[in-house]
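Trainee: Sharing a model prediction with you, sequence too.
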Amino acid sequence: MSQTSADHASGPATAAHDRLLDSRGMVREADAFITACVISRDSSRIAFATGDGVVHLAAGKADPAAAWGRLAAHDGSVLSLCQDISAQDFLTGGDDNRLCRILGSDLTASAGTAVRELARGRRWVEHVVSVIDGRTGLIASAHGKQVELRDIAGQSIRSFAHDSTVTGLAFDIKGKRIAASHYNGASLRFVNAKTDAPRVLTWKGSHIGVAIHPGGEAVVTAMQENELHGWRLADGHNMRMSGYPQKTQSLSFSRNGRWLATSGADMVVLWPFFGGGPMGKAPMELAGIPGVICTRVAFHPQHEIVAAGFEDGTVLMTDVASKRVLPVCGTQEAAVSALAFSPDGSTLAFGTESGRMAVIDLAVPQDKP
Amino acid sequence: MSETQTETNLIPVTVLTGYLGAGKTTLLNHILTGEHGRKYAVIINEFGELGVDNDLVVDADEEVFEMNNGCICCTVRGDLIRILGSLMKRRGRFDGIIVETTGLADPAPVAQTFFVDDEIKAKTRLDAVITVVDALNLPARLADSSEAQNQIAFADVIVLNKTDLVDDAALADIEARIRGINRFARIHRAQRGNVPITALLDQGGFDLKRALETAPDFLESDSHSHDDEIQSLSFEVEEPLDGNKFQAWIGALLQEQGQDILRSKGILAYAGEKRRFAFQAVHMMADGDFIGPWKDGEKPTSRLVFIGRNLNRPRLRRGFESCRAS
């Protein structure tokens, strides 16, 4: 990884800005809006979800020659996508009100065998998340004002009601707590609590997404009013992070929780969660393209390297300490709408509003030219 | 952006409002089953009166919230922002979106949603607010609810339904009553929602010209009926305006009186500018953009209309006239 960065980050990106995509990337066209992309827990399968209900599956560098799978999973749009508990599978929620499991092992399988319906309700399944908690796993899905906590088979264990529609879901890193964002704040719950007594984090307004600090120190939401709101969990202290020209659609903490990367400005905005921050601290600004809004961010799972996608299709990776920029892909025809690292950090995937799907191998090359 | 570009790239959204029992759902089904070869996504509220006959129906709760942006009356529909945002990702499967509101809904939060959210603004356009009213029961509704008045005030198109239940004289009275509140909406008489689709969809909602065609005498003829507190006023200035002066004046006016001014819109001629400036606002939320040039032979004239409560005509006139470029 670091070897690769050093090779390509020298000098400004001009003609060479697509080099990484050209030399180490695989690109396919889906002909539909890419709503999400996620890489499986074992880093061997890459899933792209689309606005026409299809899930595309790739093997990436695990098997570059393998044909991609194409599964018509939902009748409508795939609204949410996450890793399943198992190594190669995924979970999807759709505007056909279904929660599905996508089996990733066999890329040639048909939708009949590779898509399993776990639940069907009366509302869109707008969010789905999963976490491995020691020996077992938990799944949570949101439809309307309701959050369903599920076991690994997808059976509902308990449900949590809210006063307004749930707009975001996040487990903490150990799977002990789950946060849901909604109007006027977020609700934080212990998943094993005997009674449903959420800790309600209150702040007036419409909260549209949520993240939990990896160290469990804070909950952060994105707001309709182009700002972030945070609560320090130790004392409930409110933290306001503002100054964005647009809504923040994407939030990503670094592995150790030192930084929170955010979209919504014409640069990558990083809030420091150390040394007393983010209160009273200016955010760090990285890898800007003047006038071009960042639409997706993803922190590398090990290193302090952040990937960012922009509304003109540009994808960059930046090392936080050195601020060195590694261009992945230059301007494309549409905005980056999905972006993810693999858990082992050796693959980056992104998708665009016009349907481009790209997988980039970041591993130290064996056959370096 | 040229006018044609704007028209083709943005998905039109039609808002269908009206009191419970006025015939909203009947009209909606009439639109959906019409022979227009178009597909619509329909967003309805959970407590709809009748079933809706369409492939793509989204149930929504009317989740209104207040923006923390200093405007006391700036409420928007968070659920619409979310749903429209998701629907945009499946573009190509439908040609337009129809939003049905509950009978008691104030149309302002729906309309304001299209001003507030950048994503919604970039991908959709509010085509028209259609208000369905019931010829038999409208007088009673107007007497007992301000929502009924607001729904008429917000309308670009009014479907005066159930005309078979009243006689001609009563119908004329009701139309006069509607005109007293909103002189700029197009009124279509109907029975069981039988209005030509062309009169409902692709209205280009914000088209002052069409409003002028429907009410050619609207300028300066103050026909405000004193039964209702909402009235509509229009103003015209023949000399070119100073854009900065206009922005300063309208901004201050809406800050001060935005709660009373439900809607305002105008086509403005700025000094030294060949294109027309289109302005519109819902309460305090204002928006404006240059649109195509004045037509050949057309005399650039600035026109502005207000629909609201407690409007002071002389004061508004003086204010508008003070925006003339000196």
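Mentor: Thanks, I have the structure now.
Trainee: residue contacts, residue B:64?
Mentor: By C-beta atoms under 8 Å, 6 or more residues apart in numbering or on different chains, the contact set of residue B:64 is B:75, B:76, B:77, B:78, B:109. Heads up, the C-betas are built off the backbone N, CA and C, glycines and all.
Trainee: wait, residue B:91
Mentor: A:33, A:51, B:11.
Trainee: pLDDT wise, what is it at?
Mentor: Note for residue B:91: predicted pLDDT of 70.
Trainee: circling back to that earlier point, if we only consider the contacts of residue B:64, which is nearest to chain A?
Mentor: Sorting those by distance to chain A puts residue B:78 at the head of the list, at 4.5 Å, by C-beta to the nearest C-beta.
Trainee: contacting residues for that closest one?
Mentor: Counting by C-beta under 8 Å, 6+ apart, the residues that residue B:78 touches are A:164, A:165, A:167, A:183, A:206, A:224, B:63, B:64, B:65.
Trainee: Show me where the chain has its helices.
Mentor: Picked chain A for this. Counting by DSSP state H, one finds helices in chain A at the ranges A:2-8, A:19-24, A:111-114.
Trainee: I was after chain B.
Mentor: Using DSSP H, helices in chain B cover B:3-9, B:24-32, B:78-88, B:108-116, B:118-123, B:138-144, B:146-154, B:168-181, B:208-214, B:243-257, B:313-321.
Trainee: could these be laid out in CSV, adding mean pLDDT?
Mentor: Shown next, in CSV, are the helices of chain B (pLDDT from 0 to 100):
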stretch, mean pLDDT
helix B:3-9, 48
helix B:24-32, 89
helix B:78-88, 93
helix B:108-116, 89
helix B:118-123, 88
helix B:138-144, 88
helix B:146-154, 90
helix B:168-181, 92
helix B:208-214, 54
helix B:243-257, 94
helix B:313-321, 94
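Trainee: Looking at those helices, spot the one closest to residue A:58.
Mentor: Comparing the helices of chain B by their distance to residue A:58 (C-beta to C-beta), the top pick is helix B:78-88, with 24.5 Å.
Trainee: What's the local residue count around the nearest residue to residue B:118 once chain neighbours are set aside?
Mentor: Counting by C-beta to C-beta, 6 or more residues apart in numbering or on different chains, residue A:246 is the residue found nearest to residue B:118 once chain neighbours are left out, at 5.6 Å. Residue A:246 has 17 neighbours, counted by other C-beta atoms under 10 Å in any protein chain shown.
Trainee: Ok, residue A:45 next?
Mentor: Look at residue A:45: counted by other C-beta under 10 Å, it has 27 neighbours.
Trainee: Which residue, other than its chain neighbours, is closest to it?
Mentor: Residue A:45 sits nearest to residue A:104 (C-beta to C-beta, 6+ apart), 3.9 Å away.
Trainee: what sits against that neighbour?
Mentor: A:40, A:44, A:45, A:47, A:57, A:69, A:88, A:89, A:90, A:114 are the contacts of residue A:104 under C-beta under 8 Å, 6+ apart.
Trainee: Please list the residues of chain A that sit near chain B.
Mentor: A:32-33, A:35, A:51-52, A:76-77, A:79, A:95, A:122-124, A:126, A:144-145, A:164-165, A:167, A:183-184, A:204-206, A:208, A:224-225, A:246-247, A:353 (C-beta under 8 Å from any C-beta of the partner chain).
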